[in-house]
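prediction below, plus the sequence it came from.
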2 protein chains.
Amino acid sequence: METETADEIIAATSRALCKYGYADLTMQRIAEEASMTTAAIHYHFDTKAELLNAFLDDLIDRFEARLACDAEDPRERLETLLDAVFTPSQNPNEFRVALMEMRGQSPYQDSFRERFLALDEVMRSVVATAVSDGIDAGHFEDADPDEVARHVVTIINGAHVRAVALGEDANATRGIIERYLELQLGWAPASGSEVVA
Amino acid sequence: METETADEIIAATSRALCKYGYADLTMQRIAEEASMTTAAIHYHFDTKAELLNAFLDDLIDRFEARLACDAEDPRERLETLLDAVFTPSQNPNEFRVALMEMRGQSPYQDSFRERFLALDEVMRSVVATAVSDGIDAGHFEDADPDEVARHVVTIINGAHVRAVALGEDANATRGIIERYLELQLGWAPASGSEVVA
């Protein structure tokens, strides 16, 4: 019961973030979005920062769940990661903008930075493990798994800022990752997409 | 005389941005930083948005000036670009954070977006031209110059967001670009840097 309410508040936070952006997010607006009183919100989350930390934790949990690919085949695991990163959610643009605003707050908000570091670690670890397993299984040419992981995740970060700052379709960048994997590993995901010039 | 004052105001804007960040930047704070009255600032720039547009124009001009490399050798031009992007300015972190905040405002501020698109065009064009010239001159292996340009610039964008959100040394990403150029073109800049694991 308690957990359900907390989950509802977190879902309302996500919708309010998309609607108003990070800068104009207030507990009042989250309460309206959740059809609750601000007192009810405060009963579960003392401060807005605490609620936003919970929102980021939930985001990371759900991202990890989407990555929880039981596939033996490391190629399938890499495809699952790219799908999770590039498949649009319900409000892809609004969500990306809000997340970028929160990334921009990291220098002032240690609790955000910790969580973005955790998210980065999750992504890099999935790539590095899949690359290492793929090399062992003879699917990929030899390469430094940590280097490939850092490269792929940095391009994903770049895709995010380009989508927000330049209004570019994030999928335009998926093709760049695919061609990099082809070049580096001699293998690319089947679901190739076109570069938008 | 007029131009000098405008230049002073723009330099003060840059310092105020580093000191207070974008969200807390006010005309009053810019005036204090410039040791002028707000009336004097408003005489040159009607609105804060107009002043920030001028600040971004100046930033792009100075960046282009740093890239104005007369070198015939396209390898030297690529090195000049990487130096311009990765060599720390006076307040590298504060400056990066402020610039990232402004990138995050692009969806709400068309005049910012235009300028970030122009900056992106400048960077991509320098890389694409150097790659194309280098292939013609036999320095580089064959590749699609626009694809290489997009790849390099997306990693630069990723380095920026990683520096701000994760507190990572942007130079850690320079090595990723160098190893990508080696892989793609069979050539990498001499000034190799180490990946920070």
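All right, it came through fine. Numbers count the residues shown, from 1 in each chain, chains lettered A, B, ... in the order given.

tell me the first helix or strand C-terminal of the worst-scoring helix or strand of chain A on mean pLDDT.
The helix or strand of chain A with the lowest confidence, counting by mean pLDDT, DSSP states H and E, is helix A:92-105 at a mean of 86. Next helix or strand after helix A:92-105 toward the C-terminus (DSSP states H and E): helix A:110-136.

what angle do that following helix and helix A:92-105 make?
Helix A:110-136 runs at 110 degrees relative to helix A:92-105, counting by axes from the mean of the first three to the mean of the last three C-alpha atoms, to 10 degrees.

pull the residues that contact stretch A:69-77.
The contact list for stretch A:69-77 (C-beta atoms under 8 Å, 6 or more residues apart in numbering or on different chains) reads A:67, A:80, A:126, A:129-134, A:137, A:139-140, A:187, A:189. C-beta here means a position set from N, CA and C on the backbone, and glycine is covered the same way.

check stretch A:174-185 too.
A:78, A:82, A:86, A:131, A:134-135, A:139-141, A:143, A:148, A:151-152, A:155-156, A:159, A:187-189, A:192-195, B:147, B:150-151, B:154, B:180, B:183-184.

repeat that with 7 Å
A:82, A:86, A:131, A:134, A:140-141, A:143, A:148, A:151-152, A:155, A:187-189, A:192-195, B:147, B:150-151, B:154, B:183-184 (C-beta atoms under 7 Å, 6 or more residues apart in numbering or on different chains).

show me these that map onto strands.
Judged by DSSP state E, strands contain none of the contacts of stretch A:174-185.

quick check: ChimeraX command selecting the buried ones in the residues you listed.
Selecting only the buried entries of the contacts of stretch A:174-185 in ChimeraX, with 16 or more other C-beta atoms under 10 Å in any protein chain shown as the criterion:
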select /A:82,86,131,134,140,143,148,151,152,155,187,188,189,193,195 /B:147,150,151,154,184
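
what about stretch A:80-91, start to end distance?
One end of stretch A:80-91 to the other measures 20 Å (C-alpha to C-alpha, to the nearest Å).

now the residue in chain A sticking out farthest from the centre, what's its secondary structure?
Distance from the C-alpha centroid of chain A, by C-alpha atoms, centre = their mean, peaks at residue A:39 (30.5 Å). Three-state assignment for residue A:39 (DSSP: H, G, I helix; E, B strand; the rest coil): helix.

quickly note the distance from it to residue B:149.
54 Å (C-beta to C-beta, to the nearest Å).

what do you get for residue A:49?
In terms of C-beta to C-beta, residue A:49 sits 40 Å off from residue B:149.

looking at those two, which is more packed in?
Between residue A:49 and residue B:149, counted using other C-beta atoms under 10 Å in any protein chain shown, residue B:149 has the larger neighbour count: 21 against 13.

for the more buried one, what are its contacts?
Contacts of residue B:149 by C-beta under 7 Å, 6+ apart are B:124, B:127, B:128, B:131.

got the contact list for the last one?
This means residue B:131. So residue B:131 contacts B:140, B:143, B:145, B:148, B:149, B:185 (C-beta under 7 Å, 6+ apart).

got these as JSON lines, with pLDDT columns?
JSON lines is the format used below for these (pLDDT from 0 to 100):
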{"residue": "B:140", "pLDDT": "97"}
{"residue": "B:143", "pLDDT": "97"}
{"residue": "B:145", "pLDDT": "98"}
{"residue": "B:148", "pLDDT": "98"}
{"residue": "B:149", "pLDDT": "98"}
{"residue": "B:185", "pLDDT": "97"}
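
how about the residues of chain A near chain B?
A:23, A:97, A:100-101, A:103-104, A:106-107, A:113, A:116-117, A:120, A:146-147, A:150-151, A:154-155, A:157-162, A:164-167, A:173, A:176, A:179-180, A:183-184, A:195, A:197 (C-beta under 7 Å from any C-beta of the partner chain).
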